[in-house]
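**Student:** Quick one: sequence and predicted model below, then my questions.
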Amino acid sequence: MNTDQLRSGLAQFASDLTLAGQPIALDVVVARHLPLLREARAAKLRWSGLARLLAEAGARRPDGNAISADQLRASFSRAARHLRFSDPQAFSKTATEMRTMASLSLKAGSERDAVAASRPNTFEAAEPPCSPCEDWSERAMGPEPTDNELAAVRARLARNNT
């Protein structure tokens with residue numbers, strides 16, 4: 001990645017932070033520009049350097065302050081984790097491949113459906129990250145707890161706090 005590509009990508013990032021004068025969530029914008037940020041990190045650019053370059057490009061938080069390196073890093077981590085779990089193959093794609101995929105998704109619905117149907121659903125085949133997560137998801141899908149169950153939990157918590 002050369003400097004001009006990086007600067008133009010970061011300028012686009014900064015302009016995407018607002019839409020019709022309204023702020024867009026940083027996580028949304030980072031997710032859109034994930035390949036650019038991933039390539040910049042692969043080129044050994046630090047988060048503090050990226051944050052500084054974004055500030056130079058005009059990127060600001062809704063309150064007018066600069067986006068910190070920690071905010072950028074955390075948002076990148078959330079977006080990358082979401083992409084890894086929702087589409088593990090997409091995470092390894094380059095920025096050019098991601099742009100090509102994005103242009104395909106903008107085409108007519110029948111073409112998009114054909115592309116989606118030809119791609120195997122890797123998310124269903126993926127193993128859950130851990131067995132406690134499985135247990136939690138099963139409980140989350142169950143019925144709502146009864147008033148008696150909630151009262152028992154409250155009583156147990158009250159006993160533990162005293």
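**Tutor:** Yep, it's here.
**Student:** Every contact and neighbour count from this point should use C-alpha atoms.
**Tutor:** OK.
**Student:** I'd like to know which helix or strand in the chain has the lowest mean pLDDT.
**Tutor:** Of all helical and strand segments in the chain, the minimum by mean pLDDT, DSSP states H and E falls on helix 122-125, at a mean of 42.
**Student:** Going by length in residues, pull out the top helix of the protein.
**Tutor:** Counting residues, the longest helix in the chain under DSSP state H turns out to be helix 69-86.
**Student:** That helix: which residues count as buried?
**Tutor:** Buried residues in helix 69-86, counting neighbours by 16 or more other C-alpha atoms under 10 Å, are found at 69, 72-73, 75-77, 79-80, 83, 85-86.
**Student:** again, but for stretch 43-51
**Tutor:** Along stretch 43-51, the positions that meet the burial threshold by neighbour count (16+ other C-alpha under 10 Å) are 47, 50-51.
**Student:** what does it rub up against?
**Tutor:** Outside stretch 43-51, the residues that touch it by C-alpha atoms under 8 Å, 6 or more residues apart in numbering are 1, 41, 66-70, 72-73.
**Student:** give me that answer again for 10 Å
**Tutor:** 1-2, 6, 10, 37-41, 52-57, 59, 66-73 (C-alpha atoms under 10 Å, 6 or more residues apart in numbering).
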